[in-house]
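**Student:** below is the sequence, then the predicted model.
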Amino acid sequence: MPKHIFVTGGVASSLGKGLTASSLGRLLKMRGLRVTMQKLDPYINVDPGTMNPYEHGEVFVTDDGGETDLDLGHYERFIDENLNRLSNATTGSIYQAVLAAERRGDYLGKTVQVIPHITDEIIRRIKRIAEEDVDVVITEVGGTVGDIEILPFLEAIRQFRKVAGRDNICYLHVTLVPFIGPSNEQKTKPTQHSVTELRSRGIQPDVIVCRSSAPIDDVVKRKISNLCDVDEEAVVNAADVRNIYELPLVLHDEGLDSVVCKVLNLDPAVDLAPWQQFVAKVDAATKPVRIGLIGKYVALPDAYLSVTESIKHAGFHHGAKVELEWIQAEEVEGLLGAGRLADLDGIVIPGGYGERGFEGKIAAAGYARENLIPCLGLCLGLQAMTVDYARNVMGLAGANSTEMDPRTPYPVIDLMHDQRDVSDKGGTQRLGACFAILEPGSKVHAAYGEPAISERHRHRYELNANLKPKFEAAGLRCSGVSPDRRLVDFIEMSEHPFWIGTQAHPEFKSRPDRAHPLFRELIRAALELRASRTPQLFEIDPAVDPAESASR
């Protein structure tokens, strides 16, 4: 039976439970253990797919089409495993399952209650990802101890101790040790209160991970150990780090993985060398490159978390330190007049929904096209690039997406595959992994180094296949299509250094130590542009064999 680690948090949200859990997962993988991860979220939405990005950040999409919490992106990037829709469970989906069972008569007329029916369903969700080929399951419980909505989850993981056996369970609690300036002290009281609340729910933490802005000393650790009834070695400090990929090494130095393995009666050796080499490469990345991200949710960077991490991964690959310019799409047309986009080395136009900011994305795509600035369009970004090309190269005045203008005379982007009924906003999209056939000799084919690839999708509108011949006649290369040739998944301009759009979301498959081919080639082109402007500052790395990207 797999071992189970349950990660809870207290005091405040956004302490870094997801990164702590992900880092622990990486450490256990470096010990040769087979790891999977899961997020239990307390909100009543069935999934985050219909939530405003300002509410919840990005929606991370799995291969099987699950619309999940952004923490699953951290999980996948750190443990380098593809998760699935079972790896995210919300209060809404749990109640939905229980109510459906009640309607079917599964409970034989009994009164349906939080205990045992809701807690039993939560336990079922935990058990169903504990497959035979997994050694350790790490489950993060969203929210903070004390929130009324997470009480069923706490009760379920308390009960799970009896289901799995005490030796197969480790409870890890992430809490805050704040620094109080006037008294010049790091305070343990928030941690004490948080642990007291957790213990009142029947859970005694085995490990406490203390988040702090600066390292805490042994005196503070000893105090937490004494007052919270955990071993001193099990009080682990996660102080702020320069970049998130250092965190596994910091936590290892603090003994986190050793303590967890001790609790779970595991003792495999650890090999840190590959991750140490990667972190050293990150630290050595110093060549500047400036990338503009043209988005409508730039006030909340988490809305584009996987995109920004993918850009950084590509920077690591080339030894470049990426300077991200967050540009509000609605302001692009004014910024063009001010020349703000002129000093960018590359542009990324990410996905999204709705009319707001779309014209700005079109303007940014056109500026990149005209001024030979490397540009990568993702999902809605491809659609903006297509509209720009139709209007300003092909002369199709008023060309648009029917999502933005249902009466456009030239619907270059339209609903193409029996998705006219949009009454269920979560059920009418192309979701999850889809294959594409790449055109030999295209820039996309050269980047991937393979004739056929798989990428994850999340969209409802497509490039109008009826207009594909006209686009190609006008010089826009449709360089990747679905296996049945009906849907266009990639576009590019052959004469441009890098002007590529994809209907997919390649950011979901990038890894910190294995940059995604499209982002890798974008940064290469951006570095070449920067070098042409200031050749005395640095040299460009020799070309990397595209075949190194392997099958994704």
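**Tutor:** Great, that's in hand.
**Student:** roughly how far is the host helix or strand of Glu472 from the heart of the chain?
**Tutor:** Secondary structure assigned from DSSP states H and E places Glu472 in helix 468-473. How far helix 468-473 lies from its chain's middle: 34 Å, per CA atoms, centre = their mean, to the nearest Å.
**Student:** identify each buried residue in it, please.
**Tutor:** In terms of neighbour count (16 or more other CB atoms under 10 Å), helix 468-473 has its buried residues at Lys468, Phe471. C-beta coordinates here come from the backbone N, C-alpha and C atoms, glycine included.
**Student:** continuing past that helix, what's the next helix or strand?
**Tutor:** Downstream of helix 468-473 (by DSSP H and E), the next one is strand 477-481.
**Student:** got a list of contacts for that next one?
**Tutor:** 436-439, 442-445, 453, 463, 468, 471-472, 487-494, 500, 502 (CB atoms under 8 Å, 6 or more residues apart in numbering).
**Student:** give me the buried entries from the residues you listed.
**Tutor:** Among the contacts of strand 477-481, those buried by neighbour count (16+ other CB under 10 Å) are 436-439, 442-445, 453, 463, 468, 471, 487-493, 500, 502.
**Student:** got the CA positions of the helix holding Glu472 in PDB?
**Tutor:** Extracted as PDB, the C-alpha positions of helix 468-473 are listed here (Å, rounded to 0.1, in the frame of the first residue of the first chain):
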ATOM      1  CA  LYS A 468      -7.200  28.100 -44.800                       C
ATOM      2  CA  PRO A 469      -6.400  28.000 -48.500                       C
ATOM      3  CA  LYS A 470      -6.700  31.800 -48.700                       C
ATOM      4  CA  PHE A 471      -4.300  32.300 -45.700                       C
ATOM      5  CA  GLU A 472      -1.800  29.900 -47.300                       C
ATOM      6  CA  ALA A 473      -2.000  31.700 -50.600                       C
END
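**Student:** which residues are contacting it?
**Tutor:** Helix 468-473 is contacted from outside by Thr386, Tyr389, Ala390, Met394, Leu463, Cys478, Val488, Ile491, using CB under 8 Å, 6+ apart.
**Student:** hmm, try it at 6 Å
**Tutor:** Helix 468-473 has contacts (CB atoms under 6 Å, 6 or more residues apart in numbering) with Cys478.
**Student:** what's the neighbour count on Asp484?
**Tutor:** For Asp484, the count of nearby residues is 7 (other CB atoms under 10 Å).
**Student:** what helix or strand is it on?
**Tutor:** Counting by DSSP H and E, Asp484 is found in no helix or strand.
**Student:** return the distance of it relative to Phe435.
**Tutor:** From Asp484 over to Phe435 the distance is 10 Å, taken as CB to CB, to the nearest Å.
**Student:** repeat that for Asp513.
**Tutor:** From Asp513 to Phe435 the distance is 25 Å (CB to CB).
**Student:** neighbour-wise, which of those two wins?
**Tutor:** Using other CB under 10 Å as the criterion, Asp513 and Phe435 rank with Asp513 on top: 17 against 12.
**Student:** spatially nearest residue to that one (excluding sequence neighbours)?
**Tutor:** By the measure of CB to CB, 6 or more residues apart in numbering, the closest residue to Asp513 outside its immediate chain neighbours is Phe278, 4.6 Å from it.
**Student:** okay, that neighbour: pLDDT?
**Tutor:** pLDDT, Phe278: 97.
**Student:** immediately after the worst-scoring helix or strand of the chain on mean pLDDT, which helix or strand?
**Tutor:** Lowest on mean pLDDT, DSSP states H and E among the helices and strands of the chain sits helix 332-338, with a mean of 79. Using DSSP H and E, the helix or strand that follows helix 332-338 in sequence is strand 346-349.
**Student:** parallel or antiparallel, list what pairs with that following strand.
**Tutor:** Strand 346-349 has the following sheet partners, assigned by DSSP bridges: strand 287-295 (parallel), strand 375-378 (parallel).
**Student:** please, which helix or strand holds the residue nearest to Asp513?
**Tutor:** helix 273-284.
**Student:** residues making contact with that helix?
**Tutor:** Tyr245, Glu246, Phe316, Asp513.
**Student:** over to stretch 188-200?
**Tutor:** Under CB under 6 Å, 6+ apart, the answer for stretch 188-200 is Gly10, Val11, Val145, Gly146, His173, Thr175, Leu176, Lys223, Ile224, Leu227, Cys228.
**Student:** next, count neighbours for the closest residue to Glu102 other than its chain neighbours.
**Tutor:** Nearest in space to Glu102, with sequence neighbours left out and distances taken as CB to CB, 6+ apart, is Val112 at 5.1 Å. Around Val112 there are 15 other residues, counting by other CB under 10 Å.
**Student:** could you do Tyr367 as well?
**Tutor:** Tyr367: 22 neighbours (other CB under 10 Å).
**Student:** next: Glu521.
**Tutor:** 25.
**Student:** my read: it touches His445, true?
**Tutor:** No: between Glu521 and His445 there is no contact under CB atoms under 6 Å: 11.4 Å.
**Student:** now the spatially most central residue of the chain: which helix or strand?
**Tutor:** Nearest to the mean C-alpha position of the chain, counting by CA atoms, centre = their mean, stands Gly73 at 3.1 Å. Element membership of Gly73 [criterion: DSSP H and E] is helix 71-79.
**Student:** helices and strands around that helix, which ones?
**Tutor:** On a contact count with 3 or more CB pairs under 6 Å, 6 or more residues apart in numbering; DSSP states H and E, helix 71-79 meets helix 17-29, strand 35-41.
**Student:** the same query, at a cut-off of 10 Å, please.
**Tutor:** In this structure, helix 71-79 makes packing contacts with helix 17-29, strand 35-41, strand 60-61, strand 88-90, strand 136-141, helix 305-318, judged by 3 or more CB pairs under 10 Å, 6 or more residues apart in numbering; DSSP states H and E.
**Student:** how close does Arg201 get to Cys375?
**Tutor:** Taking CB to CB, one finds Arg201 at 51 Å from Cys375.
**Student:** export the strands paired with strand 346-349 to CSV and tack on distance to Arg128, mean neighbour count and mean pLDDT?
**Tutor:** Converted to CSV, the strands paired with strand 346-349 look like this (distance: least, CB to CB, whole Å; neighbours: other CB atoms under 10 Å; pLDDT from 0 to 100):
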stretch, distance to Arg128, mean neighbour count, mean pLDDT
strand 287-295, 36, 23, 97
strand 375-378, 32, 30, 98
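**Student:** possible to save these as CSV with distance to Ile216?
**Tutor:** Shown next, in CSV, are the strands paired with strand 346-349 (distance: least, CB to CB, whole Å):
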stretch, distance to Ile216
strand 287-295, 35
strand 375-378, 41
